[in-house]
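Q: attaching a predicted model along with its sequence, questions to come.
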Amino acid sequence: MKLTTLLMSATAMTVAGSAIAEEMTIVSWGGAYSNSQLKAYHEPYSEKTGVTIINDDSSAEAVAKLRAMNEAGNVTWDVVDVVAADAIRLCDEGLALEIDADTQLAAAPDGTPASEDFGDLIVSDCFIPQIVYSTTFGYRTDMVPDGVEPPSEICSVFDLETYPGKRALEKRPINNMEWALLCDGVAKEDVYDVLETEEGQDQALAKLDTIKGDVIWWSAGADTPQLLADGEIFMGSTYNGRLFSVIEEQNQPVAIMWDAQVFDLDGWIIPTGLSPEREARALDYIMFATDTQRLADQAKYISYGPARLSSAPLVGTHAELGIEMAPHMPTDPANAANTFLYNYEFWADYRDDIDAKFQAWLAQ
Amino acid sequence: MTTPISRKPLSMVVPTVAVAGAFLGLFVGTANGSGLMGVVIGAALMGALAFALTTLWGNESASRWSVVALLGALGFLLGSIPGLILGLLAGWFFGWFIFWLFEGRYRGHLQPYLTSGQVFWHYAFRVICGAIFVFLITPILVVIPLSFNAQDFFTFTPEMLRFDPAGYSLKHYEDFFTNNEWQRSFQNSLIIAPIATLISVSLGTLAAIGLSQSHVPGKRAIMAMLISPMIVPLIISATGMFFFYSQIGNFLEGTVGMSKNLVGYIKVILAHAVLGVPFVIITVTATLVGFDRSLTRAAANMGADPVTTFFKVQMPLILPGVISGGLFAFITSFDEVVVVLFVGSASQKTLPWQMFTGLREQISPTILAVATILVVISIALLTTIELLRRRSERLRGMSPA
Amino acid sequence: MADTTANGPVLAADGTPLKQSLARSLRRQKMRALMLIAPLLVFVLLSFIFPIASMLFRSVENGIVQDTLPETVAALQQWDEQSGELPDEEVYAAFIRDMIIAVDNKEHTRLGSRLNYEETGMSSMFRRSGRAIGRLDPVEDAPFKEALIDIHDGWGEVGTWQTIKTHAVPLTNGYFLNAVDMQRTVDGAQAQPESKQILITLFGRTLQMSLIITGACILLGYPIAWLLANLRMRTANLLMILVLLPFWTSLLVRTSAWKVMLQQQGVINDTLVWLGLVDDAARLVIINNQIGTIIAMTHILLPFMILPMYSVMQTIPPSYTRAAKSLGATNWTAFWRVYFPQSVPGIGAGSILVFILAIGYYITPEIVGGTKGVFISNRIAYHISSSLNWGLAAALGTILLAAVLILYWAYDRIVGIDNVKLGG
């Protein structure tokens, strides 16, 4: 018991000391991604303003936890990093603050207002885009059969004869349904019209059925890189930054197939229900962290494309490896010949419905 | 107890060794083409060896060394370095096994009246238990070499399998000891888990004793309530408890004026204590079932007050249950990730939380390094406790039980 | 004895009637037991039962439709949802008035998300219409029926209004119906389309797999517990380290370790291929299916079986078995009729622990379970943290809780939670 009181008073004392400085809690994903934000945003911001930034690796639970915080009237987070689909859900639930891009975000160096600089990447009123990432396929170069070209287009995922071996796909309908339809003869522009119908959903599942026996379903972003490194799968979908790390940092015999990569956005939201001072502080941080230079800086540490048009020319070399980052960006013209943009509106509507069907299909 | 041992007839020794040889031969055979040939050769070779060593060559230790050398050489011929290692091990085993059977040592510590069927079952049972222990421990053994992986994956690389030093590195250990996040989460776990355990064990043991009395109104309902933290799916408990603890947190910070960080710890500790309660209740009540109540009455009769009775009579007897309940409670907190994600905030990040992010965001064998360190610490702790126990036994002049 | 009864009540030593004295002592005993239980009970009630109960209450709570659209709901009472015709202008006007307030408070999208669980497409309908409706004036822009259908043609469908009316009750059985693969419709409770039926299958699978895992733990745990309880203390304590080591190792690490062991390029398959027992082209599939889940979870939960068994077996005096044997019992009889019945409380405690823990696990099945080894808790977690359908999650949780409590009660009835009378 004595030890307990001792420990408690010790922790209490250390906190009492630090509580004088201004603090803000920023929520993100953890790992290499948080690290890139620390270097590109947090450290310069702390230096400029003297604000201490506490990093909380809770983005994966952000939606549920923000809702609980909001209901309990005790929001302890100041800025939260979420994917765009979650931002839309949070905005719909009234849990995220609406932002006016032109007045509350920095303009580009040449004076272009933020709303134009971000363009159509502002997919929700509450969402401040930060990076463009893509979900795409990586494959083992040493497992390509002899005398066969390495896979270069999306339908090779469904071609078990030419490219035998297991595949890894994410355990959710999003992206998989689109790829399946695309490879079942549906034109790219019709994909979502088809997917709206029962028959279209059945068609997509039927196409996925043809490879179901050879699929390992992943749910954490780190799964596919591990499976590729083990040689457990021939090809698998994952985030392009993970593949970059497998190929360039870990030197594994893996290559990226960029065809039909699906662009998605990750960015900031500010929770509703903050006190005026904290809200002002959060807005100030957002203004700083999403300006042209800062977004370009982040690409030094991780291979995700900055969300501003004006940042693209400023992307330099990797901070440790020293390689040119631009060709590794999903947005690089050479990689972006055939792309999809995640259809936020469609999935906000159909996610629950199609997910139930998808899970029922999986369990069959 | 010791049973006088005597040499056994070859009619028992040779066939038994031959069967074991056939079993080994099966594996060697399949690895080299034909399982059937392996079985036949293994049986013949081992049977012959047993016969030759026991009857023709009386010198035991020389015989055993020669078996080691012979099988080692065979292994090297068939499978180079790994083959050599396995061959040497097999040689050691067979050398020991032949003489263990032949000299009748296997009967040495068994009751003399056991039939041979009972002796066979005695050892068969131990082999079964051995297999279960292997099942328990193999995943842990797999983790240890992987934590020295030079790559950032959970993969046995070809370099590692060749025992090439380039395939190994200490970088994951370095990461654990130098990375602030890991250090902080480790400290947090060490603060939170013991206090939570203390709370659940003390309250839980008292309640279990209360529950085991003969006349408790509404016993079943109370029991069901107390074990409910274990039944409710964790994710629901986590969300539900979040609401409760954020109100408590507001109260403690606002009205009582405690610091934010301290309140954070209190919240996580209390939440973990509740989760640990069912384990204590279940194990302690199970031990109390066999508790002879006349003992407490006898103690009371001799003038002991309830508190003395509890600590001097009841507690020592139910201690195994209390300890295993406490162990469960400790592990529940030490290994819990869902509730702390909700109830805790960044400054209360525990080890499992850090591991969970690590697994999700970047496969980093640092978590294997942490696991290895914990395994080493717990081996050291448990061994120390055992040594201390033996020492105190010696000091008190007791013979080891 | 007979004398005193004839002359009056039996007296205790202090002169009070014995009956009274006994009753008082019983009362005191009860009080003491309750006093011992009270601190924990209060703690658990306050910090767990109440919060969880209010969380589970969300499975029936459904005030959102009525609170957001009060006038519309009242106006819809007059409308016959079976008529197949659209509601009249009055409902549309009420809806516009409600929506203008809701848009102001930014509540309309919440309602959209809520109704989207029932009828796909509602979410975007409310979000898109919200902006246009916010610009309308409740008086000047009337009539609204045409205008609203212009904004989004979903408002011109009978189904939309049927959904709103069906779900406009403050307490709903809708989530529970969803939880058993049914739905609340305008024609009462109906089965979900077959392509969406999954939850009952998952419930069944969760129960079945948990039973298999519990059985496997009993089979593997009993010999070990027996061995530990019957060996010399020195050896037993050393072997105990082997049981405790996996236990000290994080669940996440152990699950990952099993992945390394079981996958097709994993340790077990590699070893088998190296030994030639399995052909390189036909490696065993022992992960991402039910086998993987059973192996990994049995391993993870085994200590929860062994430790309670061990602590019970330690209290069984070896003299009982010896006495039985000396009275002529065979080994088997002595074990089965004398030793085993005394060890049942340990099996019971262990089984309860393992079974209940198994039912609620979701991290391990998620990692090693593939498509067929997934449990109902995985869905609960999905609905709590991704789809935000907390009502459905609460309904699923309530059903799971009820199932476990029923099993617990049945177990109590058959075996007795703290009093074992099996085989004599």
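A: Sure, I can see it.

Q: pass me the low-pLDDT residue ranges in chain B, would you?
A: Applying pLDDT under 70 to chain B flags the ranges B:1-2, B:58, B:290, B:396-401.

Q: all helices for the stretch 151-300 of chain A, in order.
A: Assigned by DSSP state H, counting those that start in this stretch, the helices in the stretch 151-300 of chain A fall at A:176-182, A:191-195, A:198-209, A:223-230, A:240-244, A:276-289, A:292-298.

Q: out of those, which gets nearest to B:Thr157?
A: Counting by CB to CB, B:Thr157 lies closest to helix A:223-230 out of those; the figure is 8.9 Å. Placement of C-beta: from N, CA and C, glycine included.

Q: right, and A:Ser156 touches A:Gly165 too?
A: No: the criterion here is CB atoms under 8 Å, and A:Ser156 misses it with A:Gly165 at 11.0 Å.

Q: need the overlap of contacts for these two.
A: Common neighbours of A:Ser156 and A:Gly165 (criterion: CB atoms under 8 Å, 6 or more residues apart in numbering or on different chains): A:Met235.

Q: so for these two, which sits in the more crowded spot?
A: Applying other CB atoms under 10 Å in any protein chain shown to A:Ser156 and A:Gly165 shows that A:Ser156 carries more neighbours, namely 22 against 16.

Q: so what are the sheet partners of the strand ranked longest in chain A and their directions?
A: What stands out as the longest strand in chain A, according to DSSP state E, is strand A:254-269. Strand A:254-269 has its sheet partners listed here by DSSP bridges as strand A:79-83 (antiparallel), strand A:128-140 (antiparallel), strand A:339-341 (parallel).

Q: give me the mean pLDDT for that strand.
A: Mean pLDDT, strand A:254-269: 95.

Q: now do the residue in chain B positioned nearest to chain A: how many residues are near it, please.
A: Closest residue of chain B to chain A, CB to the nearest CB: B:Glu361 (2.9 Å). Using other CB under 10 Å, B:Glu361 has 23 neighbouring residues.

Q: so how far is A:Glu198 from it?
A: The gap separating B:Glu361 from A:Glu198 is 37 Å, by CB to CB, to the nearest Å.

Q: and the pLDDT at the nearest residue to the residue of chain B closest to chain A once chain neighbours are set aside?
A: Spatial nearest neighbour of B:Glu361, excluding adjacent residues (CB to CB, 6 or more residues apart in numbering or on different chains): A:Gly31 at 2.9 Å. At A:Gly31, the predicted lDDT confidence score is 85.

Q: give the contact list for A:Gly31.
A: Taking CB under 8 Å, 6+ apart as the test, what A:Gly31 contacts is A:57, B:357-358, B:360-362, B:364.

Q: export those residues to a markdown table and tack on secondary structure and distance to B:Leu89?
A: Shown next, in a markdown table, are the contacts of A:Gly31 (DSSP: H, G, I helix; E, B strand; the rest coil; distance: CB to CB, whole Å):
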| residue | secondary structure | distance to B:Leu89 |
| --- | --- | --- |
| A:Asp57 | coil | 45 |
| B:Thr357 | helix | 41 |
| B:Gly358 | helix | 36 |
| B:Arg360 | helix | 40 |
| B:Glu361 | helix | 41 |
| B:Gln362 | coil | 38 |
| B:Ser364 | coil | 34 |
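
Q: between those, which sits nearest chain C?
A: Nearest to chain C among the contacts of A:Gly31, with distances taken as CB to the nearest CB, is B:Gly358, at 8.7 Å.

Q: chain A contacts on the stretch 301-424 of chain C?
A: Counting by CB under 8 Å from any CB of the partner chain, the positions of the stretch 301-424 of chain C adjacent to chain A are C:366, C:370-372, C:374, C:379, C:382, C:384-390.

Q: swap the cut-off to 6 Å and go again
A: C:366, C:371, C:384-385, C:387 (CB under 6 Å from any CB of the partner chain).

Q: now stretch C:304-312: average pLDDT?
A: In this model, stretch C:304-312 has an average pLDDT of 88.

Q: one more: stretch A:114-125?
A: The average pLDDT for stretch A:114-125 rounds to 92.

Q: distance from it to the middle of the chain?
A: 17 Å (CA atoms, centre = their mean, to the nearest Å).
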